[in-house]
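Visitor: Okay, predicted coordinates and the sequence, questions at the end:
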Amino acid sequence: MDILINKALAGDTRAIARIISLIENDDPVADGILRRIYPLTGKAMVIGITGSPGAGKSTLTDKLIESFRKKGKSVGIIAVDPSSPFSGGAILADRIRMQRHTGDQGVYIRSMGTRGSLGGLSRGTREAVLLLDACGKDVIIIETVGVGQSEVDIIKIADTVCVVLVPGMGDDIQIMKAGIMEIANVFAINKADKPGVDRVAAEVRLMLELVRDKAWTPPVHLTVAENGTGVEEFAESIMKHHEFVKNSPEGTRFEFRRLSSEVEDILLKNLTRKAEKVWQAHKSRELMEDLAARKINPYTVSADILRKLFPRTEDNQGTKEANTSDVTPNN
Ligand SMILES: Nc1nc2c(ncn2[C@@H]2O[C@H](COP(=O)(O)OP(=O)(O)OP(=O)(O)O)[C@@H](O)[C@H]2O)c(=O)[nH]1
Ligand SMILES: [Mg+2]
C-alpha cells in the first residue's frame, strides 16, 4: 500500500487511477490511504463546473485546461457522468473533448459514474479531489451536469462553483429558480455566438441584483468555448474568486461549513458500514421467520442492533441513573 501511495504522490497516473478505483469501490483500505494523504491536501484550487446537458461544460473545461497549463499549473479533471453506472475512467464523450491533453503529464482526466447517488455527485468525488490535491495538482476541475442534487453537492467540494448557461433555452429561468443563483460564484453564458445571449446575460444580472451578496458579486462572462472567446477572462474571475475565498471571513466560514459536512459524511458512511456488519451478524433464519410471523417487529430488531452498536448509550445510562435514584431514597 505504501508503494502505491508513494507512486501516486510522485504523479504516477496508474497509481492514482488505482486508488480512485479503491475509493469508488468503497474498499476498506481507502480510508487508511485518505488518512495518510490528508495532511498533503488543501493546496489545490478546486473548481466546479455545472450546467445543463450540452451547455458546453466539457468544451469550456478543455479551454480552461489550456489556460491553466499556459500559466504553468498542473490540472486534474473529474468528469461526473450521470449516464454511466460504471466508472474506471472509461473513454466517455466528456473525456474525448479533452483528449488532446491526454499526452500531457501535467493533466490527469478521470470519469466517474454516479452510481448510488441519484443525480448527485459520485460517491468518492470528494475523496478523488483530495487525492489529486495531495498528488500536487494545482487546479482541480469537477464537471457535473446540473440536474437535481449535484449542484447542491458541488458546493460541498468546490471552492468556486461556475454555472454554465446557454442562450435560447426555455429552462434557463427554471435552472435559476432551482437554486443555481445561490451557489454560483462565476457565470459563463456559453455559446455566445448564438442569438439570445444578451437576453440571458441580462436575466442573470437581474436575478443577481435580487440575491446580491455584498461581499462577492458573481461575474457574468460571455464565452464561445468552441473557439476560446472570453475564456481567459472567465479563468481570471475564477482565480479572483479563489483568492477571495482564501482571504475573507466569508471564506473561512465557508471552509468550516465544508469541513463539518465532510466529517458528517465520513461519520455516516462509517456508521452505515458498521450497522450493516452488525445486522448481517445478528441475522438468522430463525429471526427472519419470527419477523415474517410478526412475532417480533423490525423496530425492536433495529433497537437491539443499535444497542449492540452503542453498548453505553444515553438510554443505558438513563437506566442506570433511574436505578440509582430508586436506591438513594432508601439510604
Ligand atoms: N455554437 C457553439 N457550440 C458550442 C460551444 N461550446 C460547445 N459547443 C458545442 O456544444 C456541444 C456540447 O458541448 P459539450 O462541451 O460536450 O457540452 P457539455 O455541457 O459538456 O455536455 P454534457 O457533458 O453532455 O452535459 C458540442 O457539440 C460542442 O461542440 C460554443 O461556444 N458555441
Ligand atoms: Mg460534458
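Guide: The structure has been received and is ready for your questions. Numbering: from 1, shown residues only. Ligands and ions are numbered 1, 2, ... in the order given.
Visitor: Can you get me a residue count around whichever residue of the chain sits closest to ligand 2?
Guide: When scored by C-beta to the ion, the chain has residue 58 as its residue closest to ligand 2, at 3.3 Å. Every C-beta, even on glycine, is put in place using the N, C-alpha and C of the backbone. A total of 21 residues lie near residue 58 under the criterion other C-beta atoms under 10 Å.
Visitor: Can you check my assumption that it lies in a strand?
Guide: No - judged by DSSP: H, G, I helix; E, B strand; the rest coil, residue 58 forms no part of a strand; its state is helix.
Visitor: Just give the number of residues close to the spatially closest residue to it that is not a sequence neighbour.
Guide: Spatial nearest neighbour of residue 58, excluding adjacent residues (C-beta to C-beta, 6 or more residues apart in numbering): residue 97 at 4.1 Å. Using other C-beta under 10 Å, residue 97 is surrounded by 20 other residues.
Visitor: residue contacts, residue 97?
Guide: Counting by C-beta atoms under 8 Å, 6 or more residues apart in numbering, residue 97 makes contact with 58-59, 61-62.
Visitor: Max pairwise distance over those residues: which two?
Guide: 59 and 61 (7.3 Å; C-beta to C-beta).
Visitor: Which one's more surrounded, those two?
Guide: Neighbour tally, residue 59 and residue 61, criterion other C-beta under 10 Å: the higher count belongs to residue 61, 26 against 22.
Visitor: hang on, isn't the more buried one packed against residue 48?
Guide: No - counting by C-beta atoms under 8 Å, residue 61 does not reach residue 48; the two are 10.8 Å apart.
Visitor: Return every residue with contacts to both of the two.
Guide: Common neighbours of residue 61 and residue 48, using C-beta under 8 Å, 6+ apart, are residue 141.
Visitor: Do the helix or strand hosting residue 76 and ligand 1 come into contact?
Guide: Secondary structure from DSSP states H and E places residue 76 in strand 75-81. No - taking C-beta under 6 Å from any ligand atom as the criterion, strand 75-81 and ligand 1 are apart, separated by no less than 7.4 Å.
Visitor: TSV for the contacts of residue 97, including distance to ligand 1 and pLDDT?
Guide: Below are the contacts of residue 97 laid out as TSV (distance: C-beta to the nearest ligand atom, whole Å; pLDDT from 0 to 100):
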residue	distance to ligand 1	pLDDT
58	3	91
59	3	93
61	7	95
62	8	94
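Visitor: now the strands for this protein?
Guide: Using DSSP state E, the strands found in the chain span residues 45-51, 75-81, 107-113, 139-145, 160-165, 186-189, 220-222.
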